[in-house]
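Q: Here you go, sequence then predicted model.
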Amino acid sequence: MDSAKSNYRLVRRAYSSLNKKKFPEAIAILEDLLSSGVGDVYILLLLSVAYLYTDQFGRLARFITKMKEKNPGYLPLIQLEAFLRIKSAARYTEALKVYLDLAAQYPADPHIHRGRNLLRDVKDFEKFQKDALLQDFVYIPRPPRALSAAAGKAALPLARGLNPSLTEARLPSGPAFIIVFTTALLALFIAGGWYVYDSDFFRKGFTRLKKPGRDFSVIDMISVSGTDYDLIKNMKRENVPVYYQSALQMTDDFNRARRLIKSEQYNEALSLLNGLYNSNVNFVVKEKVNFLIKFVINLEDREFVNIPFETVRMKKFLYRGYAIRWNGIVGKIREKGDSQIFTLHINRGGEEGSGEADVFSDRIIPGLKKGSPVLLEGVIADFLGKDKTVYIVSRNVRLLR
């Protein structure tokens, strides 16, 4: 079989994986194609969709930039950018203007006109923004046989597009995060000159970001204005763990968190940011806060600190992203490929309270077995399940004997 036919079959397989919501599989196939020298704009489009559904904004930004370099007039790219601008718009009029301008520029494109018509009928923009589905705004064509010709073609007829089974899927979030701040995030990555590690997201647990020279000027681009009356919601104080009485009080904490990030006091910044995220601030503010939390989580060279497990357990919502150092005993171990997930029993019998955490390691740790005492350094990525079990992405695991 010649390489062109082989590549076409791989692209069809990746497309099928996207339809079936098997995003890791699709990403693996498409990244292999790229590494073999097949860099058609259509492959970049499929990868961008997969990265969007797996919350990999850094990589999404890179591939949108690459598509623009290859063919800035590629209609699926234009539709995708417009969709992201809906999700990031602070106001209804801002989103509507995007589609009115595009409808004038691309009068024959049905998806742009559909997006404009959907926006015209909106009565509750915040709800519309949360619920907007990719299928309603972006057309992903089937794999073309001549991949090199795909870049110059407009969208194919709607009936031949990506299966609705994928497009009905909700875009990923944390427990409540909807991708509303994505466009601003993309601009930050592109304008800030970020470098993204090429390690596989599904092996690493998350993509780590690094910028030479510790330049945190990007943080200044994320701001909220205390003059906006709608920055906080009116709700019962008991409905949220942190309650702000005024927008000024909220913006003071937001700006203090930014200063703490720039002074590399990351855990202290996260306490404020997690409090903001779990407070009565509005939807747009939460997305900006969530971006800053992920910004810190993805930094390398964090300083790991000993925090009593009981302290974390009492107010878990404040500790997402914390860089911790804990001693514990290894419990159940599960291996998948060349990665491990194991249970860590922390401070068993200790004075500072005991508990359990699930730990993800992107490599197989030699000699690790049930009952091994270890020193763990890692980042609290989330709290999972009904019991809100601590989920840690390890940076270093050392056997103590």
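A: Received the coordinates, thanks.
Q: what sits against residue 263?
A: Counting by C-beta atoms under 8 Å, 6 or more residues apart in numbering, residue 263 touches no other residue. Where you see a C-beta, it was placed from the backbone N, CA and C, and this is true even at glycine.
Q: what about stretch 381-388, average pLDDT?
A: Averaged over stretch 381-388, pLDDT sits at 86.
Q: Now do the end-to-end distance for it.
A: 12 Å (C-alpha to C-alpha, to the nearest Å).
Q: Mind jotting down where the strands sit in the stretch 201-350 of the chain?
A: Ranges of strands in the stretch 201-350 of the chain, per DSSP state E, counting those that start in this stretch, are 209-210, 323-336, 339-346.
Q: Could you identify which of those is most buried?
A: Comparing the strands of the stretch 201-350 of the chain by mean neighbour count (mean count of other C-beta atoms under 10 Å), strand 339-346 comes out on top with a mean of 20.
Q: so what does that strand touch, helix or strand wise?
A: strand 323-336, strand 355-361 (3 or more C-beta pairs under 8 Å, 6 or more residues apart in numbering; DSSP states H and E).
Q: Now the element after the last one, going C-ward?
A: Going down the chain from strand 355-361, the next helix or strand is strand 373-384, by DSSP states H and E.
Q: What pairs with that following strand, parallel or antiparallel?
A: According to DSSP bridges, strand 373-384 has the following sheet partners: strand 323-336 (antiparallel), strand 389-399 (antiparallel).
Q: How about the one helix or strand residue 27 maps to, which residues are buried there?
A: Per DSSP H and E: residue 27 is located in helix 23-35. Within helix 23-35, the residues scored as buried using 16 or more other C-beta atoms under 10 Å are 23, 25, 26, 27, 28, 29, 30, 31, 33, 34.
Q: May I see the residues you listed organised as CSV, with distance to residue 4 and pLDDT added?
A: Formatted as CSV, those follow (distance: C-beta to C-beta, whole Å; pLDDT from 0 to 100):
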residue, distance to residue 4, pLDDT
23, 26, 88
25, 22, 91
26, 20, 90
27, 22, 90
28, 21, 90
29, 16, 90
30, 17, 90
31, 19, 88
33, 12, 86
34, 16, 82
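Q: and which of those residues is nearest residue 87?
A: residue 23 (18.4 Å; C-beta to C-beta).
Q: Starting from residue 380, give me the distance back to that closest one.
A: Applying C-beta to C-beta, to the nearest Å, the value for residue 23 to residue 380 is 24 Å.
Q: burial of residue 305, as a residue count?
A: 12 (other C-beta atoms under 10 Å).
Q: is it true that it touches residue 325?
A: Yes. Counting by C-beta atoms under 8 Å, residue 325 is a contact partner of residue 305 at 6.2 Å.
Q: low-confidence ranges in this structure?
A: For the chain, applying pLDDT under 70 flags the ranges 1-2, 145-218, 225-230, 348-353.
Q: tell me the domain boundaries of it?
A: Using automatic domain parsing, the domain parsing of the chain gives 3-192, 211-297, 309-399.
Q: out of the strands paired with strand 373-384, which comes closest to residue 369?
A: Between the strands paired with strand 373-384, strand 323-336 lies closest to residue 369; by C-beta to C-beta that is 6.8 Å.
Q: Run the angle between that closest one and strand 339-346 for me.
A: In terms of direction (axes from the mean of the first three to the mean of the last three C-alpha atoms, to 10 degrees), strand 323-336 departs from strand 339-346 by 130 degrees.
Q: so who does residue 119 touch?
A: Applying C-beta under 8 Å, 6+ apart, the residues near residue 119 are 86, 92, 95, 96, 99, 128.
Q: Is it possible to get a markdown table of those residues that adds neighbour count, distance to residue 344 and secondary structure?
A: Below are these laid out as a markdown table (neighbours: other C-beta atoms under 10 Å; distance: C-beta to C-beta, whole Å; DSSP: H, G, I helix; E, B strand; the rest coil):
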| residue | neighbour count | distance to residue 344 | secondary structure |
| --- | --- | --- | --- |
| 86 | 25 | 42 | helix |
| 92 | 17 | 47 | helix |
| 95 | 23 | 45 | helix |
| 96 | 18 | 50 | helix |
| 99 | 22 | 50 | helix |
| 128 | 16 | 43 | helix |
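Q: What is the most widely separated pair among those?
A: Top of the distance list for the contacts of residue 119 (C-beta to C-beta): 99 and 128, 12.6 Å.
Q: now the buried residues of helix 23-35 as JSON lines including distance to residue 61?
A: Shown next, in JSON lines, are these (distance: C-beta to C-beta, whole Å):
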{"residue": "23", "distance to residue 61": "18"}
{"residue": "25", "distance to residue 61": "23"}
{"residue": "26", "distance to residue 61": "19"}
{"residue": "27", "distance to residue 61": "16"}
{"residue": "28", "distance to residue 61": "20"}
{"residue": "29", "distance to residue 61": "21"}
{"residue": "30", "distance to residue 61": "17"}
{"residue": "31", "distance to residue 61": "16"}
{"residue": "33", "distance to residue 61": "20"}
{"residue": "34", "distance to residue 61": "16"}
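Q: one step back: who wins for proximity to residue 314 among the helices and strands packed on strand 339-346?
A: Using C-beta to C-beta, the helices and strands packed on strand 339-346 put strand 355-361 closest to residue 314, at 10.9 Å.
Q: partners of that closest one, with directions?
A: Strands adjacent to strand 355-361 in the sheet, as given by DSSP bridges, are strand 339-346 (antiparallel), strand 389-399 (parallel).
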